[in-house]
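In: how would this look folded up:
(one chain, ligands or ions: 3)
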Amino acid sequence: MYAKVIVDVPAKPTNRAFDYVVPEAMKDLVTVGSRVGVPFGPRTVQGFVVELHEGTELDPAKLKPIAQILDLIPPLTPELVKLARWISRTYLCHEITALQAMIPGALKAKYERHVKVDEHGGRRGGHENVLMLPVPNQEEILNYVRKQETVRLETLLEKFAGDTLLVKQLLEDGVLTEVHMVKDRMSAKKALTVFPPENPEQLAAWQEELPARAAKQKLVLEYLQKHPEPIKLTELLSRLHITAAAVKGLAERGWVRLEEVEVQRDPYASRTFRPTSPLPLTPEQQKVFDCIKDAVLSGEQRVFLLNGVTGSGKTEVYLQSIQTCLDQGREAIVLVPEISLTPQMVERFKGRFGNRVAVLHSRLSHGERYDEWRKIVRREVSVVIGARSAVFAPFTKIGLIIIDEEHESTYKQEESPKYHARDVAIARASEHGAAVVLGSATPSLESMYRTGREAVLSATPDRPAFELLTMTSRVEGRPLPRVHIVDMREELKNGNRSMFSRALYKAIEERLHKKEQTVLLLNRRGYATFVMCRTCGYVANCPHCDISLTYHQSSRAIRCHYCGYAERELTACPDCGSEHIRHFGTGTQRVEEELSKLFPGIRVIRMDVDTTTEKGSHEKWLTIFKNRQADLLLGTQMVAKGLDFPHVTLVGALAADSVLNLPDFRAAERTFQLLTQVAGRAGRHELPGEVFVQTYTPEHYSILSASKHDYQGFMLKEMLMRKQHNYPPFHRLVLITLSHEQVQLLIRSGEAVAARLKELASQMQAEGTELEVLGPVASPISRIKDRYRFQCMIKYRGEMDIAGLVQQAVAVLDDAVKQRKLTVSVDVDPQILM
Ligand SMILES: Nc1ncnc2c1ncn2[C@@H]1O[C@H](COP(=O)(O)OP(=O)(O)OP(=O)(O)O)[C@@H](O)[C@H]1O
Ligand SMILES: [Zn+2]
Ligand SMILES: [Zn+2]
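Out: Ligands and ions are numbered 1, 2, ... in the order given. Alright, predicted model coming up:
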């Protein structure tokens, strides 16, 4: 049998699979999706089996055998292998990059040099057979290696430190041969465990047998009589206040057994989740649920866009839909944005489905992630809830994939493979005959567009049309909160220079008085985080990137967020010497200071990147807030999503138009989404909510629509704008970014690609398609890490092999890439245009 293997050779990435022989002994283990170690040149590298064949077109004598099989249960399924190929074609990346993205970081390969004894070795170097020579150390070395089959070279050299030369000689003579092993970065965690004898009745007799001074050992035997089940050594020791010596003594007598046993790192092990049962659905929920249920039962790929206002009970619909899926013996994947993977969300899923749920997110340690993922591979769970990459969960019977807050830009990965989880989910659903539910109070225009007539007419299995489901009211008829727009220009005119309008100030005061809670949103990006001289206007910029430095109060340093460059805070302006240099601070810190000045004694929780880096900090803050040990929660986007606290009756957005000013055609959409989401945190339970939106552009349609909870109105207006400018969803985009240290080379390369694109486009343009090439122009961030950046943008519509076209066009840069280290990055359907 022969295998085609995609190998991981970072220096020479290629999409070509290489042929290997499957050794007889591995035949039953190697399948499509297996991770293997294969010889590649002088080394052994990790690879994935993508095909198996009885024969080969190549000369079998020239093929090498697979050297190692790395897992007993393959980490990937044939479906995922096929998906990797699709990703590589759709998003223009190497297949290996897509395959690697599907497995947890713990399985990324690490290479080790091992040695083994070559029993037929020793032909080289003129010796008859070195094995025959009675060199005592040599025998000792060989026996040591034989006993373990292979030994890490470093371990061997450490152990026989005085015989380095001899080891070298043995390697040269071929008595020992070097093998390169692929090892995992992480392995299953093991713990020494104490096993009582099979026959616990013996324990009492043994206890008698022990001499009186062996009191500690007696204690252990006594304990095991009462609890005759295996127990972790560390636990036993701490229970009995003894040292390991006592247990080891018993083990030496053969009375108990000590053995390494695998333990799972379960981040939620110490938590108990209150079980919940399905709520009776509201009529709106019921209607939506029935549609999803039908789809799940049909076993066909169907995609729903669920547009439900904040607090309409989407999560309950998800939970009951998943139940339907599980009842059928199928599996479900739930994707949520990383920042809404709050304990609250996890609790709702664990509460309903208990330990049938695995949770995957980046706040877990490598080991925890690995263990959660293995629960999936071993079929111990049937529901996965996680961030973007959980879409690759290696399930084999998927019935339902849910993407909550589907409009979030974090579903698009910014590094290669630059996939969109929504499109990957749809592709998987087509293989599994599964339903996909995209839920949001503010669906993306791309998704909305696909519920329309045009999308229905041009639907393909790759790009199916979406079915629109709506929920227009909150559960139990709770009203959506009243939203006030505050014109900050008026505030200034009236002499209020504070960052709080008088109305918001009064509202916060009122909540403090009534012991209700407030959420304040400050979009960090919008606020001045840079360092500026008020005398001459000097702004501290990174010397390597085209971006201003950011002040970090905690370390009293100014930093570049792109390359990590840092310097001490400035006390005087480097240009004019003025001392009026202001560190504007990360917005939230300043707001926090101002709050405590305005409202002495106010208990504020600040949540931003600085306060949530520590593991579990997120959870800690939210628990404090939930328990009403704080009056006000202040934060960046992370406070806008998913939170459901009954005592929050006031929400304030401090700088509503901060996103609006970004150079991005989605700026209005993002503003509308953010305001709607954060407003949705208020008044979700019995107490009614109120929202204040502070802005300098109160007349902008995104702000007006958000204040009226008018998704429909916003969407129609925004669609019109997009159509006028040939932007998505009407046209699709591909962004090609080039970077190099020399501007000249960049411009030339950019022009070459643009010319080639235009040429190719004119050749392949079919009826009903349009294609436009923009650029090359400098990217909005024109330099990062001393490399300049230029971009070309393709806008196109209609079905065409855009990936093939781009691939052909960038091929004109191959020489510059190889010889002059030009970097080319292609982003299909980009979410961020920087
Ligand atoms: N059928 C129901 N009966 C009673 N309460 C319900 C029902 N469905 C949901 N709820 C409750 O209503 C509240 C809001 O529901 P949920 O959080 O699911 O809304 P959502 O649509 O996901 O909101 P958001 O988009 O803002 O996250 C929750 O406290 C939930 O427990
Ligand atoms: Zn100055
Ligand atoms: Zn920098």
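In: Arg422: how many residues sit nearby?
Out: 25 (other Cβ atoms under 10 Å). For the C-beta atoms, the positions are set from N, CA and C on the backbone; glycine is no exception.
In: wait, it sits on Arg450?
Out: No: judged on Cβ atoms under 8 Å, Arg422 makes no contact with Arg450 at a distance of 10.2 Å.
In: which residues are in contact with both of those two?
Out: Residues touching both Arg422 and Arg450 (Cβ atoms under 8 Å, 6 or more residues apart in numbering): none.
In: and for the helix or strand containing Arg783, what's in contact with it?
Out: Element membership for Arg783, per DSSP states H and E: strand 770-784. By Cβ under 8 Å, 6+ apart, the surrounding residues in contact with strand 770-784 are 544-547, 562-563, 663, 726, 731, 737-739, 746-747, 750-751, 753-754, 757-758, 761, 765, 788-798, 800, 833-834.
In: just the ones of those residues in strands?
Out: 737-739, 788-797 (DSSP state E).
In: could you identify the most distant pair in these?
Out: The distance between the two most remote of those (Cβ to Cβ) is 31.1 Å, for Tyr788 and Arg797.
In: so for the two, which sits in the more crowded spot?
Out: Set Tyr788 next to Arg797 and count neighbours by other Cβ under 10 Å: Tyr788 wins out with 20 against 16.
In: residue contacts, the more buried one?
Out: Residues in contact with Tyr788, defined by Cβ under 8 Å, 6+ apart, are Ser739, His740, Glu741, Gln742, Val743, Leu746, Ala778, Ser782.
In: Glu516: which of those residues is nearest?
Out: The closest of those, once distances to Glu516 are taken by Cβ to Cβ, is Ser782, at 47.3 Å.
In: with Asn523 as the reference, measure out to the closest one.
Out: Applying Cβ to Cβ, to the nearest Å, the value for Ser782 to Asn523 is 24 Å.
In: and the contacts of Tyr788, which are buried?
Out: Among the contacts of Tyr788, those scoring as buried are Ser739, His740, Leu746, Ala778, Ser782 (criterion: 16 or more other Cβ atoms under 10 Å).
In: closest to ligand 1 among these?
Out: Nearest to ligand 1 among the buried ones among the contacts of Tyr788, counting by Cβ to the nearest ligand atom, is Ser782 at 37.9 Å.
In: what does the protein have sitting close to ligand 2?
Out: Cys533, Thr535, Cys536, Tyr538, Cys573, Asp575, Cys576, Ser578 (Cβ under 5 Å from the ion).
In: mark which of these are part of helices, please.
Out: In helices, judged by DSSP state H, none of these are found.
In: so Gly367 is in contact with Pro104, correct?
Out: No: contact criterion Cβ under 8 Å: Gly367 and Pro104 do not qualify, at 9.7 Å.
In: with neighbour numbers in mind, choose between these two.
Out: Legend: neighbour count by other Cβ under 10 Å for Gly367 and Pro104, higher for Pro104 (23 against 18).
In: which residues touch the more buried one?
Out: Pro104 makes contacts with His366, Arg369, Tyr370, Trp373, as judged by Cβ under 8 Å, 6+ apart.
In: kindly recompute the last result at 7 Å.
Out: Pro104 makes contacts with Arg369, Tyr370, Trp373, as judged by Cβ atoms under 7 Å, 6 or more residues apart in numbering.
In: what about those, which one has the most neighbours?
Out: With neighbours set by other Cβ under 10 Å, the maximum within the contacts of Pro104 is found at Trp373, which has 26 neighbours.
In: for it, give me the pLDDT.
Out: On pLDDT, Trp373 comes in at 89.
In: now for the helix or strand hosting it, which elements pack on it?
Out: Assigned by DSSP H and E, Trp373 belongs to helix 366-377. Packing partners of helix 366-377 (3 or more Cβ pairs under 7 Å, 6 or more residues apart in numbering; DSSP states H and E): strand 357-360.
In: partner strands of the strand it packs on and their direction?
Out: Strand 357-360 pairs in its sheet with strand 383-386 (parallel), by DSSP bridges.
In: what does the strand it pairs with contact?
Out: Under Cβ under 7 Å, 6+ apart, the answer for strand 383-386 is 322, 332-336, 346, 349, 353, 356-361, 376, 390, 393.
In: so for it, what gets flagged as buried?
Out: Neighbour counts using 16+ other Cβ under 10 Å place Val383, Val384, Ile385, Gly386 of strand 383-386 among the buried residues.
In: report how many residues lie close to Lys597.
Out: Lys597, neighbours per other Cβ under 10 Å, totals 10.
In: what's the spacing between it and ligand 1?
Out: 32 Å (Cβ to the nearest ligand atom, to the nearest Å).
In: do the same with Thr276
Out: For Thr276, the distance to ligand 1 - Cβ to the nearest ligand atom - is 9 Å.
In: pLDDT weak spots in the stretch 51-200 of the chain?
Out: Applying pLDDT under 70 to the stretch 51-200 of the chain picks out residues 109-111, 121-136, 180-189.
In: mind listing the strands for it?
Out: Under the criterion DSSP state E, counting those that start in this stretch, the stretch 51-200 of the chain contains strands at 68-69, 109-117, 151-152, 176-184, 189-195.
In: in the stretch 701-834 of the chain, what residue is nearest ligand 3?
Out: Here the stretch 701-834 of the chain gets closest to ligand 3 at one residue, Lys785, 6.3 Å apart by Cβ to the ion.
In: what is the neighbour count of that residue?
Out: Applying other Cβ under 10 Å, we find 14 residues neighbouring Lys785.
In: find the nearest non-adjacent residue to it, please.
Out: Counting by Cβ to Cβ, 6 or more residues apart in numbering, Cys563 is the residue found nearest to Lys785 once chain neighbours are left out, at 4.7 Å.
In: and Glu476, by the same measure?
Out: Spatial nearest neighbour of Glu476, chain neighbours left out: Thr282 (7.7 Å); criterion: Cβ to Cβ, 6+ apart.
In: re earlier: and the contacts of strand 770-784, which of them are buried?
Out: Buried positions within the contacts of strand 770-784, assessed by neighbour count (16+ other Cβ under 10 Å), are 544-547, 562, 731, 737-739, 746-747, 750, 753-754, 757, 761, 788-797, 800, 833-834.
In: poorly predicted segments of the stretch 401-550 of the chain, please.
Out: Residues of the stretch 401-550 of the chain that meet the criterion pLDDT under 70 lie in 524-530.
In: for it, what lies in contact range of ligand 1?
Out: Residues of the stretch 401-550 of the chain lying close to ligand 1 by Cβ under 6 Å from any ligand atom are Ala441, Val475.
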